[in-house]
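# mind looking at a prediction? Sequence and model below.
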Amino acid sequence: MQYRKGFTLCFAAAVLFTTVSGSLSSVNAAGEKPISAGHTKIVRAVNLREGNICIPKVIASGNTPPVKEDEELTDLSVSCSDDRAVDYVELEKPLAKDDRGYCLTTLKRLRDKNRSVKIVSNPTDDNPYHCLLSDITPKQFVAAVKEQRQQPSHSRRQQVDPRLPGS
């Protein structure tokens, strides 16, 4: 009888340890955390010198290493947030540079094109919203884009001088 109680106690401890360690493993050593909320906003910056903003060729060339338009992306650098209080303008700020365009979408829209898409938060010193996007093709990504911008909204506001006529 004593043996059986000891075995049950050890088994319960093993189950508890496995459950706790499994929940902790959702954040890896690099601080990366998988994101699953469909409302997650995603912004990809593109160089306007390359021509059109959100076309498969431009998205494919931004992957490291570059992929073909119908090959899956691996760790494409984007800004993202599953915090509903963070808007697209906030996500654009760490990416803001001259000659930039922005492709805006959500994780739900990406999943509508490819259920296997993965996005992992990967904050950096320069971008607290930095994420890595994988397992979706550039064509599917572009098909899921809901809006394109040629300049971040916050830059337009900063460029308008309220003293000028028509401002």
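Happy to help now that I have it.
# so, low pLDDT: which residues of the protein?
Across the chain, the ranges flagged by pLDDT under 70 are 1-31, 50-52, 151-167.
# where along it do the strands fall?
Residue ranges of the strands in the chain, as given by DSSP state E, are 33-34, 41-47, 76-81, 100-106, 118-121, 130-134, 147-149.
# and these as TSV, adding mean neighbour count?
All C-beta spots, glycine's among them, are computed from the backbone N, C-alpha and C. Output for the strands of the chain, formatted as TSV (neighbours: other C-beta atoms under 10 Å):
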stretch	mean neighbour count
strand 33-34	14
strand 41-47	23
strand 76-81	22
strand 100-106	21
strand 118-121	20
strand 130-134	20
strand 147-149	15
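# CSV please, covering those and showing distance to Gln140.
Shown next, in CSV, are the strands of the chain (distance: least, C-beta to C-beta, whole Å):
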stretch, distance to Gln140
strand 33-34, 19
strand 41-47, 13
strand 76-81, 12
strand 100-106, 11
strand 118-121, 13
strand 130-134, 11
strand 147-149, 16
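# between these, which one is nearest to Val67?
Of all the strands of the chain, it is strand 76-81 that lies closest to Val67, at 9.1 Å by C-beta to C-beta.
# that closest one vs strand 41-47, what angle?
Counting by axes from the mean of the first three to the mean of the last three C-alpha atoms, to 10 degrees, strand 76-81 lies at 140 degrees to strand 41-47.
# strand partners (parallel or antiparallel) of strand 76-81?
Taking DSSP bridges as the criterion, strand 76-81 sits next to strand 41-47 (antiparallel), strand 130-134 (antiparallel) in its sheet.
# how about those strands, which one is nearest Glu92?
Nearest of those to Glu92, taken as C-beta to C-beta: strand 41-47 at 5.7 Å.
# can you give the contact residues for that closest one?
By C-beta atoms under 8 Å, 6 or more residues apart in numbering, the list of residues contacting strand 41-47 from outside reads 53-54, 58-59, 62, 76-81, 86-88, 91-92, 95, 97, 99-107, 110, 119, 131, 133, 141.
# repeat for stretch 73-91
When contacts are defined by C-beta under 8 Å, 6+ apart, stretch 73-91 is touched by residues 35, 37, 39-45, 59-60, 62-64, 67, 92, 94-95, 102, 104, 107, 119, 121, 127, 129-138, 141, 147, 152-154.
# now do stretch 96-109
Stretch 96-109 has contacts (C-beta under 8 Å, 6+ apart) with 35-49, 53-54, 59, 80, 82, 88, 92, 95, 117, 119, 141-142, 144-152, 154-155.
# now do stretch 123-134
Stretch 123-134 has contacts (C-beta under 8 Å, 6+ apart) with 31-32, 35, 42, 44, 72-81, 86, 90-91, 94-95, 110, 117-122, 141.
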